[in-house]
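1. return atomic coordinates for the entry below.
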Amino acid sequence: MTTSDLVSALLESIGMTDPHGLSDNTARIEVHENRVVGIKLVPGLKVEAEEGDDGVAAVISVEAGKRLEKPVHICFGVLPEDGKQHIDLDIRIEENAYASFLAHCTFPNAVDVLHTMTAAIEVEPGAHYAYFERHVHGQHGGIVVAPEARVIVHENAEFTTEFELIKGRAGKIKFDYETICHDRSVVEMTARINGRADDTIEIHERARLIGEEARAALISHIALRDEARADIFNDIIALGDRARGHVDCKEIVLDRAVAKAIPMVEVRNPTAHITHEAAIGSVDSKQLQTLLSRGLTEDEATDLIIEGLLSKKARWTNE
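-> Purely as a prediction, here's the structure:
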C-alpha cells in the first residue's frame, strides 16, 4: 500500500471519507504503525519526527507568541488485525503560544494490537495547550492502549486533555498522567469511556499544585457492562497558596461489571482547598422511570442515560 493509500485508509477509518477534506491551512500528522506517512506544517509549528525499529520519536513545538488558529490534526493508527505502535513525544508550547490538537487513534480491526505512548510535555508561561483524543477501536477488544505523560504547566498557563472512545470496544486501557502545576496555572483532564464484555480500564491521574492559585480538575466518567472492570485512581496534592482542585469520578455499573474509584486528595497548605466526588452504581432510577414513561424500553432508556454520562462535558470552576 502506498503512503497516499495509507493516509486515505487511516482517515476513512475515522469517518473522514475525503482525505483532502482538511483545508490547506490545517496542520496534520499521520502515523501508521511505526511509520510517518503524512505531515503538513503551518507557520509557528515545528515537527521533527524520526522512525525507528521500536517506534516513532517526535519533537513538536509551537513558537513563542504564536496562535494556531485551527487545531492540529493527528492520526495514529494500526489498520491490520495485529501489530505494535509506539509513539515517543516531546512537546513544548512556548511562552504565550496557543495551540490545540485533535488526535484520532484508530485501530478498527484490532485482534492483537499494542499502542503505547510516552510523552514529555511542557507548557511555558502564559501558553495554552489543549489535546483532544478520540479513539476508534474494533469489536474484538483486541487492543491495548497504554499512554504515559509527564506534564509541566508553568505560571499563567493552561493544559487541557480529553480522552473519548467513540467507537468499538475499549479492550485494555491504562493511563498514567502526571502534571506539575505552577503559579496560576489551570489543568483539566477528562476521560469518557464505555466498557463491555471483558474490557479493563485503569486510570492513574495526578496533579501536584505547587504554585499559588494553581487549579486542577480530574474528571472520569465511565460506563461498564457485562464483565468489564474499571479502576480509577485520581490524586491531587495541594502545596501552593490558595490552590484549588476537584476530583469528579462517576461510574455506571451494569450486569456483572466491577468498578473501583480511589480519589486521593492531600492538602499541605492551610489556604488551599480540594474537593472530591465519587459516585458508583446503576443508572439513576428516576431518570430511568421518566424515560420508560415516554415509551422507551429499559435497554433504550439505559443506553440513553449512559450516552448522556459519556457525552456531557463536565464543568468545574474555582468557586
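2. report the central residue of the protein.
-> Taking CA atoms, centre = their mean, the centroid of the chain lies closest to residue 163, which sits 2.5 Å from it.
3. tell me the bridge partners for it.
-> Each beta-bridge partner of residue 163 is listed here: residue 133, residue 191, as defined by DSSP bridges.
4. with just CA atoms, put the longest helix anywhere in the chain into CSV.
-> Under DSSP state H, the helix in the chain containing the largest number of residues is helix 298-311. This file holds the C-alpha atoms of helix 298-311, laid out as CSV (Å, rounded to 0.1, in the frame of the first residue of the first chain):
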residue,chain,number,x,y,z
GLU,A,298,-35.5,-0.4,29.5
ASP,A,299,-32.5,-1.1,27.3
GLU,A,300,-33.1,2.0,25.2
ALA,A,301,-33.5,4.1,28.3
THR,A,302,-30.3,2.7,29.8
ASP,A,303,-28.4,3.4,26.7
LEU,A,304,-29.6,7.0,26.6
ILE,A,305,-28.6,7.6,30.2
ILE,A,306,-25.1,6.2,29.5
GLU,A,307,-24.8,8.3,26.4
GLY,A,308,-25.6,11.4,28.5
LEU,A,309,-23.0,10.5,31.0
LEU,A,310,-20.3,10.0,28.4
SER,A,311,-21.2,12.9,26.1
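5. counting by contacts, list what that helix packs against.
-> strand 186-195, strand 215-224, strand 244-253, helix 285-293 (3 or more CB pairs under 8 Å, 6 or more residues apart in numbering; DSSP states H and E). All C-beta atoms are positioned from the backbone trio N, CA, C, and that covers glycine.
6. which one of those is the most hemmed in?
-> With neighbours defined as mean count of other CB atoms under 10 Å, the helices and strands packed on helix 298-311 peak in mean count at strand 215-224, which reaches a mean of 26.
7. strands paired with that strand, and their directions?
-> Next to strand 215-224 in the sheet, as set by DSSP bridges, lie strand 186-195 (parallel), strand 244-253 (parallel).
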